[in-house]
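Student: make a model of this:
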Amino acid sequence: MPNPENDCLFQKALLWAASATEVDDDTNEPKVAAAAEIDVRWQNVQREIPDGNGNVISVVAEVVVNQDITNGSIMWEGTLDTVASPPVELKKVVGSTAHQT
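Tutor: This next block holds a predicted model:
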């Protein structure tokens, strides 16, 4: 039986997966892979949470996926066929919660 948390992934998103080990020399941000289309359940939200350094982060989306996604990865709601060139309104992954099956 599928995990109910990972069921109903009927939306599409693009994922530029961040490298856990490689960093861009100019920006000091993780290097990201080419965009890959993944199945998701995307919910736009509007709330703020504290990070580990006492800063406030604005959360604008919560996304359910069926894979691990590294912090620093980039996501966009939509498909490869519909993404603008260059892409706009990208979202940076700042946290995740694993659910057990």
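Student: spatially nearest residue to Asn71 (excluding sequence neighbours)?
Tutor: Computed as C-beta to C-beta, 6 or more residues apart in numbering, the closest residue to Asn71 that is not its neighbour in sequence is Val93, at 5.5 Å. For glycine as for every other residue, the C-beta is placed from the backbone atoms N, C-alpha and C.
Student: so who does the one you found touch?
Tutor: With contact taken as C-beta atoms under 8 Å, 6 or more residues apart in numbering, Val93 is in contact with 18, 69-75.
Student: what about burial for those, which qualify?
Tutor: Buried residues within the contacts of Val93, counting neighbours by 16 or more other C-beta atoms under 10 Å: 18, 72-75.
Student: coming back round to it: for the residue nearest to Asn71, give its distance to Pro86.
Tutor: Separation of Val93 from Pro86 (C-beta to C-beta, to the nearest Å): 19 Å.
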